[in-house]
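> got a predicted structure plus its sequence, pasted below:
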Amino acid sequence: MNNKRSKLVINKVGEDISPMALRAMYVTMLRIRKAEEKIADLLQPDPEIKCPVHLYIGQEAVAAGVCANLHTDDYVFSTHRSHGHYIAKGGAMKELMAELYGRATGCSRGRGGSMHLASVDVGLPGSSAIVAGTIPIAVGAALAFSLQRRDTVSVVFFGDGAVNEGIWYESLNLAALKKLPVVFVCENNLYSTHMPIVTCLSDINIAKKAEIFNMPGIQIDGNNVVEVFLAAKGAIERARSGTGPTLIECLTYRWRGHVGRDYDLDKGLRSKEELDYWMGRCPIKKLEKFLLDRSIMSESEKNQIHNNIEKEIEEAIVFAKESPYPDESKLLSNVFKS
């Protein structure tokens with residue numbers, strides 16, 4: 001990690017990013033974190049949420065920094081770890097919680113659960129639990145945007161494990177060949193499910209793989225939201241102008257285990273020292289300190305933001321619990337076949 005570069009980037013705030021935008025990203029990151037922590041609480045000991053849940057805690061800067069550059073009609077495609085992308089793209093908290101509870105008022109009408117969030121209204125057409133499953137779909141959407149001569153951008157988030165899939169290479173090749181308006185965002189959290197990246201890839205520098213497709217590839221500190229914002233800004237502007245795709249590799253880390261609320265320390269997959277190191281690099285605390293030190297946000301304003309978000313989440317859970325389950329008579333509604 002180039003720590004010197006990270007420090008330089010965050011000092012460019014005055015010329016490249018406004019205090020208002022910084023505050024907005026702080027709120028987005030905090031909404032994701034607090035929602036995920038509450039969801040984790042609801043999973044044990046007697047889980048109220050029954051569907052499998054993959055938490056995004058620790059990776060909030062990636063979703064917030066990228067989505068802060070997008071328009072409502074830009075598309076975002078997500079993975080099984082989709083809550084952060086959904087919230088950052090503007091998805092409603094009530095509809096998120098209702099979906100996790102399997103209720104008809106959920107963003108996927110209670111049919112998708114945690115791993116299949118969708119909200120077309122905010123530009124999130126869908127998420128998939130299939131590794132690399134949404135990457136070719138994002139490229140297809142970008143091809144459609146190009147053919148329609150729209151200045152709309154497609155962004156796809158995926159983990160480092162997706163780089164092991166052949167469709168990843170095929171998708172990058174087509175996107176580069178046709179100069180499609182798509183941005184590939186790799187959230188490299190160092191583990192593919194439970195496998196360290198060093199056991200999966202002979203060369204763990206994912207960003208440089210873009211070279212073989214003649215497209216820009218950059219590796220950044222995924223825990224520095226300013227660095228993410230600036231990298232995404234350039235890539236999205238490039239895509240929107242018709243210049244073609246970009247690969248952004250965000251080095252980050254998920255605090256919780258692959259699935260569920262636990263930390264996976266009991267499985268012998270990672271050490272407490274490693275987890276403590278990354279928790280010490282908390283992306284939210286880093287931005288919070290920056291805002292407070294420069295008087296962009298006061299202590300009282302910070303407390304008010306926390307209180308507002310906690311209230312929003314509690315109201316969303318009440319909404320979810322009071323919402324009805326999907327009607328069995330409509331089981332086959334919105335199901336299509338060729």
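Yep, it's here. Numbering: from 1, shown residues only.
> residue ranges of the helices in the stretch 201-338 of the chain, please?
All helices of the stretch 201-338 of the chain, identified by DSSP state H, counting those that start in this stretch, fall at 225-240, 272-279, 283-293, 299-322.
> identify, out of these, the most deeply packed stretch.
helix 225-240 (a mean of 22; mean count of other CB atoms under 10 Å). All C-beta spots, glycine's among them, are computed from the backbone N, C-alpha and C.
> average pLDDT across it?
Averaging pLDDT along helix 225-240 gives 97.
> now stretch 322-338
pLDDT averaged over stretch 322-338 gives 81.
> quick one: contacts of it?
By CB atoms under 8 Å, 6 or more residues apart in numbering, the surrounding residues in contact with stretch 322-338 are Ala98, Tyr101, Gly102, Arg103, Ala104, Thr105, Gly106, Arg109, Gly110, Arg111.
> just for this structure, where's the confidence low?
Residues of the chain meeting the criterion pLDDT under 70: 1-15, 336-338.
> could you pull out the strands in it for me?
With DSSP state E, the ranges of strands along the chain come out as 75-78, 126-127, 154-159, 182-188, 191-192, 195-196, 217-221, 246-251.
> how far off centre is the second one?
So that's strand 126-127. Offset of strand 126-127 from its chain centre (CA atoms, centre = their mean, to the nearest Å): 12 Å.
> go on, the first one?
For strand 75-78, the separation from the chain centroid amounts to 9 Å (computed by CA atoms, centre = their mean).
> name the residues that touch it?
67, 70, 85-86, 89, 117, 123-128, 134-135, 137-138, 141, 152-157.
> so what are the sheet partners of that strand and their directions?
Under the criterion DSSP bridges, strand 75-78 sits next to strand 126-127 (parallel), strand 154-159 (parallel) in its sheet.
> with respect to burial, which of the ones you listed scores highest?
Of the strands paired with strand 75-78, strand 154-159 is the most buried (mean count of other CB under 10 Å), at a mean of 27.
> quick one: that strand to strand 182-188, angle?
20 degrees (axes from the mean of the first three to the mean of the last three CA atoms, to 10 degrees).
> specify the angle between strand 154-159 and strand 246-251 in degrees.
30 degrees.
> dump strand 154-159 to CSV, restricted to CA.
The C-alpha coordinates for strand 154-159 follow below in CSV (Å, rounded to 0.1, in the frame of the first residue of the first chain):
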residue,chain,number,x,y,z
SER,A,154,-22.6,1.1,-15.8
VAL,A,155,-20.6,0.2,-12.7
VAL,A,156,-20.0,-3.3,-11.4
PHE,A,157,-18.7,-4.3,-8.0
PHE,A,158,-17.1,-7.6,-7.5
GLY,A,159,-14.6,-9.4,-5.1
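> circling back to that earlier point, can you redo the strands paired with strand 75-78 as a markdown table with distance to Ile284?
Converted to a markdown table, the strands paired with strand 75-78 look like this (distance: least, CB to CB, whole Å):
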| stretch | distance to Ile284 |
| --- | --- |
| strand 126-127 | 23 |
| strand 154-159 | 19 |
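> which of those strands sits closest to Met279?
Nearest of those to Met279, taken as CB to CB: strand 154-159 at 19.4 Å.
> how distant is that closest one from the center of its chain?
8 Å.
> again, but for stretch 38-52
With CA atoms, centre = their mean as the basis, the mean position of stretch 38-52 lies at 21 Å from the chain mean.
> likewise stretch 313-330?
Per CA atoms, centre = their mean, the centroid offset for stretch 313-330 relative to its chain is 24 Å.
> now swap in stretch 177-191 and tell me
Worked out by CA atoms, centre = their mean, stretch 177-191 lies 12 Å from the chain centre.
> now the end-to-end length of it.
30 Å (CA to CA, to the nearest Å).
> same question, stretch 41-58
Termini of stretch 41-58 sit 16 Å apart (CA to CA).
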